[in-house]
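K.L.:
when you get a sec, could you give me coordinates for this:
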Amino acid sequence: METDALIKKIIETGKIDFGSNKALKNIKKGKAKAIILSKNCPKKIRQDIEYYAKIEKIPLIVFPGTSLQLGEVCGKPFTISSITITDLGRISLSELTE
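P.N.:
I've put the predicted structure just below:
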């Protein structure tokens, strides 16, 4: 399944949080199942999230579009540089990380 469709299905059936601060908090609290970053996520934010995700062994997916495009996929009228998936809903982790 395409990344856009997977994100939409997770939004419909699972639970997500938007934003890098939420991503870092969810990683540190052990709530994050996976993190999605836009391809133009600011370098410092990307490095912080990558570091903590690696320590906690949380899959990190890079969305092939910009933060504006990621916002559009999520149905939001603003840019989104990171999404934290706290509940995958009807999607398996293997589908997301393929």
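K.L.:
C-alpha only now, for contacts and for neighbours.
P.N.:
OK.
K.L.:
what ranges in this structure fall below the confidence cut-off?
P.N.:
Counting by pLDDT under 70, the chain shows low-confidence ranges at 1.
K.L.:
which one's the longest helix in it?
P.N.:
helix 43-56 (DSSP state H).
K.L.:
and it, what does it pack onto?
P.N.:
helix 20-29 (3 or more Cα pairs under 8 Å, 6 or more residues apart in numbering; DSSP states H and E).
K.L.:
could I get the buried residue list for the helix it packs on?
P.N.:
Across helix 20-29, burial judged by 16 or more other Cα atoms under 10 Å covers 20, 22, 23, 24, 26, 27.
K.L.:
so where do the helices sit in this structure?
P.N.:
3-13, 20-29, 43-56, 67-73, 93-97.
K.L.:
residues touching the residue nearest the centre of the chain, list them.
P.N.:
Nearest residue to the geometric centre of the chain (Cα atoms, centre = their mean): residue 36, 2.4 Å. Shown in contact with residue 36 (Cα atoms under 8 Å, 6 or more residues apart in numbering): 60, 61, 62, 63, 82, 83, 84, 85.
K.L.:
with residue 66 instead?
P.N.:
When contacts are counted by Cα under 8 Å, 6+ apart, residue 66 touches 38, 39, 40, 41, 81.
K.L.:
these, buried ones only, as a ChimeraX selection?
P.N.:
Buried residues among the contacts of residue 66 (16+ other Cα under 10 Å), as a ChimeraX selection:
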select :38,39,41,81
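K.L.:
same list (the contacts of residue 66) but as CSV, adding distance to residue 7.
P.N.:
Formatted as CSV, the contacts of residue 66 follow (distance: Cα to Cα, whole Å):
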residue, distance to residue 7
38, 12
39, 15
40, 18
41, 17
81, 14
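K.L.:
next step: the contacts of residue 66 restricted to strands.
P.N.:
Members of these lying in strands (criterion: DSSP state E): residue 38.
K.L.:
quick check: of the contacts of residue 66, which lies closest to residue 90?
P.N.:
Distance to residue 90 across the contacts of residue 66 (Cα to Cα) is lowest for residue 38, with 22.5 Å.
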